[in-house]
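[1] next comes the sequence, and after it the predicted model I'd like to discuss.
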Amino acid sequence: MGFFEMNELLITRITIDWSRIGPQSYLRDIKAICGIDRLDFGRSVTFFVGENGTGKSTLLEGIAVAYGFNPEGGTKNYNFSTYDSHSELCDAVKISRGPYKAAGGYFLRAESFYNVATMEKEYMQGLSNEYHKRSHGESLLELVKSSFRPRGIYLLDEPEAALSPQNQLTLLLEMHRLSRQGAQFIVATHSPILLALPDAAILSFDDGAVHPCAYEETGSYQVMSLFIRNRDYVLHHLLADEH
């Protein structure tokens, strides 16, 4: 069974009503985001790529909060705040949903996963997976394996941050398996391993506009490929000024 078609996706489109964004908002200075009025999703897995500061995590957060997730992450049942840092973008994002109801969902923010794990004990009332007793990477993989479901919606912000290359491959395998069972993933990432997932859509935020991008055109792939193939050359020129 192949990837699900667009009309079977849980999120098919987002639109942004810029009249709901303040004229002095910093969002208007993020070129890739301020150029978006509408963004369509056509694959079960969509990757957001781009340099730091290009807006991929900001847009992912806006979509997640507009969908009903807690800004710091977790399921839609989580409702807590240790630091209110999310933007007003969520108030302007309108989500078009497919014909099916999501069977579950999760919003992962790498930098706040510890806070979510702390709150889990309270929400689970003694049934917690005890994420604090595992490493960050082990906890993330346990979360994916135990809680992610077919027909679920999963928004992941730089999930590779705590994962070894081997465990990134494990996450890729889980995403592939679940997406073929109706789950949808929207993922902001720098990982050339995750980006290699077959049949995924890649949207680049570089060059001031959100646009489709081939795997080999991503900065993550190009930099990693250059370094691995020409390590001595790259290090020689990179460290030349240190002598």
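    Noted; the coordinates are in hand.

[2] tell me where the model's unsure across this protein.
    Judged by pLDDT under 70, the chain has its weakly predicted residues at 1-7, 78-86, 111-134, 136, 241-243.

[3] ok, which stretches of it are helices?
    Remark: helices assigned in the chain by DSSP state H are 31-34, 56-67, 89-92, 113-124, 136-147, 165-179, 219-229, 231-238.

[4] and the ones you listed: which comes nearest L194?
    helix 165-179 (5.6 Å; CB to CB). In short, each C-beta sits where N, CA and C put it, glycine included.

[5] what separates the nearest residue to G68 once chain neighbours are set aside from M175, distance-wise?
    Excluding the flanking residues, the one nearest G68 by CB to CB, 6 or more residues apart in numbering is K76, at 4.9 Å. Separation of K76 from M175 (CB to CB, to the nearest Å) stands at 20 Å.

[6] between the two, which is the more surrounded one?
    Between K76 and M175, M175 has the larger neighbour count (other CB atoms under 10 Å), namely 23 against 16.

[7] which residues touch that one?
    Each residue near M175 by CB atoms under 8 Å, 6 or more residues apart in numbering is listed here: V45, F185, V187, L194, L197.

[8] same thing but at 10 Å, please
    By CB atoms under 10 Å, 6 or more residues apart in numbering, the contact list for M175 reads 44-45, 144, 148, 154, 156, 159, 183, 185, 187, 194, 197, 200.

[9] would you reformat the residues you listed as CSV and include distance to L226?
    What follows is the contacts of M175, written out as CSV (distance: CB to CB, whole Å):
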residue, distance to L226
S44, 30
V45, 26
V144, 31
F148, 34
Y154, 31
L156, 26
P159, 24
A183, 34
F185, 28
V187, 23
L194, 19
L197, 22
A200, 23
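
[10] among the residues you listed, which lie within strands?
    V45, Y154, L156, F185, V187 (DSSP state E).

[11] gap between I153 and C34?
    Distance, I153 to C34, using CB to CB: 26 Å.

[12] between those two, which one's more packed in?
    Under the criterion of other CB under 10 Å, the comparison of I153 against C34 puts I153 first, with 26 against 17.

[13] quick one: contacts for the closest residue to that one other than its chain neighbours?
    Sequence neighbours aside, G105 is the residue nearest to I153 in space, at 4.2 Å (criterion: CB to CB, 6+ apart). G105 makes contacts with 10, 64, 67-69, 74-76, 147-149, 151-155, 183-184, as judged by CB under 10 Å, 6+ apart.
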